[in-house]
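Asker: Have a look; sequence and predicted model below, questions after that.
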2 protein chains.
Amino acid sequence: MTTRIANSKTTDEVQIRALIDDRAKAVRDKNVNEAISSIAPDILSFDVVNPFQQMGLDASKKRAEDWFSSFEGPIGYEIRDLSITAGDSVAFSHGLSHVSATRTDGGKLDMWWRTTVCFRKINEKWMVTHEHNSVPFDVESGKASLDFKP
Amino acid sequence: MTTRIANSKTTDEVQIRALIDDRAKAVRDKNVNEAISSIAPDILSFDVVNPFQQMGLDASKKRAEDWFSSFEGPIGYEIRDLSITAGDSVAFSHGLSHVSATRTDGGKLDMWWRTTVCFRKINEKWMVTHEHNSVPFDVESGKASLDFKP
């Protein structure tokens, strides 16, 4: 029984890691439908930039479309220090996300942020029901910290 | 069996809600030891302000001490739109946190931020192993959004 639980736990972590890898590839390829394929209809999203919060898959889809189309060519995207904690039906992950890309206006974006993703197993499939992406800010200046390097 | 699982799930959510309520009371009372009593030794914390990330209970304790002592008198603190999702051994919550307090320099702080808390059941007790607090920023100005009202 212990072995079975351990195996099941390992399987869940492997499934979630694959989900995260697939999403990262979808971001690099700017493939909106793939990028949102594991997002639950009722997702609550706290994003790096305004607005304060967004609810629902449609909002996530529009955000992905707008973000992907703001770049020229593919997006350089990686996740570092990824940690996954999975139970039987609830899981979460955290890590540092990095984007390196050229904007359509020619400007370069090279930026790290913090990512927490929360999952529920729905109909035997892990789905993202909550996501929190952010950078901290500097108390003195009130400015977001956009130049962090791990 | 279904009832038993349902009851267990309800119990977990009740325990986590009590943990969050106790922490909120500890913040209002500026009681450092109570505020960190449910934090796991290996917590990874993404906070509203710099630094980018902090690891370990000692860092959380110091942050609580510094933050509490920056205010005159008790801290007005509430959590709105709290949602708790609990599995057998892993859980997460999200909500909007609000602080209203007077700084030791006389300035007023009245601010909302986004909070995600991730839990693991360790030795039959729910513990916070990851926490993510933040505000988004405005792309044009690069400034953190400190004037959000829900």
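Answerer: Arrived safely.
Asker: C-alpha from now on. contacts and neighbour counts both.
Answerer: OK.
Asker: Dig out what A:Pro77 forms beta bridges with.
Answerer: Small correction: residue A:77 is Tyr, not Pro. A:Val99 (DSSP bridges).
Asker: which residues sit in contact with it?
Answerer: A:Tyr77 makes contacts with A:24, A:27-28, A:97-100, as judged by C-alpha atoms under 8 Å, 6 or more residues apart in numbering or on different chains.
Asker: Roughly how far does it sit from chain B?
Answerer: Separation of A:Tyr77 from chain B (C-alpha to the nearest C-alpha, to the nearest Å): 19 Å.
Asker: what pLDDT does that residue get?
Answerer: pLDDT, A:Tyr77: 98.
Asker: the helices in chain A, which residues?
Answerer: Assigned by DSSP state H, chain A shows helices spanning A:2-28, A:32-35, A:57-69.
Asker: which parts of chain A sit against chain B?
Answerer: Neighbours of chain B within chain A, by C-alpha under 8 Å from any C-alpha of the partner chain: A:46-52, A:85-92, A:114, A:116, A:118, A:132, A:134-139, A:142-145, A:148.
Asker: From the residues you listed, keep the buried residues only.
Answerer: A:46-49, A:52, A:85-92, A:114, A:116, A:118, A:132, A:134-138, A:142-145 (16 or more other C-alpha atoms under 10 Å in any protein chain shown).
Asker: Just the ones in strands from these, please.
Answerer: Among those, DSSP state E puts A:46, A:85-86, A:90-92, A:114, A:116, A:118, A:132, A:134 in strands.
Asker: now these as TSV including pLDDT?
Answerer: As requested, those are arranged in TSV below (pLDDT from 0 to 100):
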residue	pLDDT
A:Phe46	98
A:Thr85	98
A:Ala86	97
A:Val90	97
A:Ala91	98
A:Phe92	98
A:Arg114	98
A:Thr116	98
A:Cys118	98
A:His132	98
A:Ser134	98
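Asker: re earlier: the contacts of A:Tyr77, buried ones only, as a PyMOL selection?
Answerer: To isolate the buried ones among the contacts of A:Tyr77 in PyMOL, judged by 16+ other C-alpha under 10 Å, type:
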select buried, chain A and resi 24+27+28+97+98+99
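Asker: Which one of the contacts of A:Tyr77 is nearest to A:Lys62?
Answerer: Among those, A:Val27 lies closest to A:Lys62 (C-alpha to C-alpha), at 13.8 Å.
Asker: shouldn't the closest one be in contact with A:Asn33?
Answerer: No: assessed by C-alpha atoms under 8 Å, A:Val27 is found out of contact with A:Asn33, at 10.2 Å.
Asker: you'd agree A:His98 is up against A:Leu109?
Answerer: No: checked against C-alpha under 8 Å, the pair A:His98 and A:Leu109 is beyond contact range at 9.8 Å.
Asker: which residues does A:Gln53 contact?
Answerer: A:44-47.
Asker: Can you convert the helices of chain A into CSV and add a column each for mean pLDDT?
Answerer: Listed next are the helices of chain A as CSV, based on pLDDT from 0 to 100:
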stretch, mean pLDDT
helix A:2-28, 86
helix A:32-35, 98
helix A:57-69, 97
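Asker: Return the most buried member of those.
Answerer: Compared across those, helix A:32-35 shows the largest average neighbour count, a mean of 18 (mean count of other C-alpha atoms under 10 Å in any protein chain shown).
Asker: what does stretch A:20-40 rub up against?
Answerer: So stretch A:20-40 is contacted by A:19, A:56-57, A:60-61, A:64-65, A:68, A:74-79, A:126-129 (C-alpha under 8 Å, 6+ apart).
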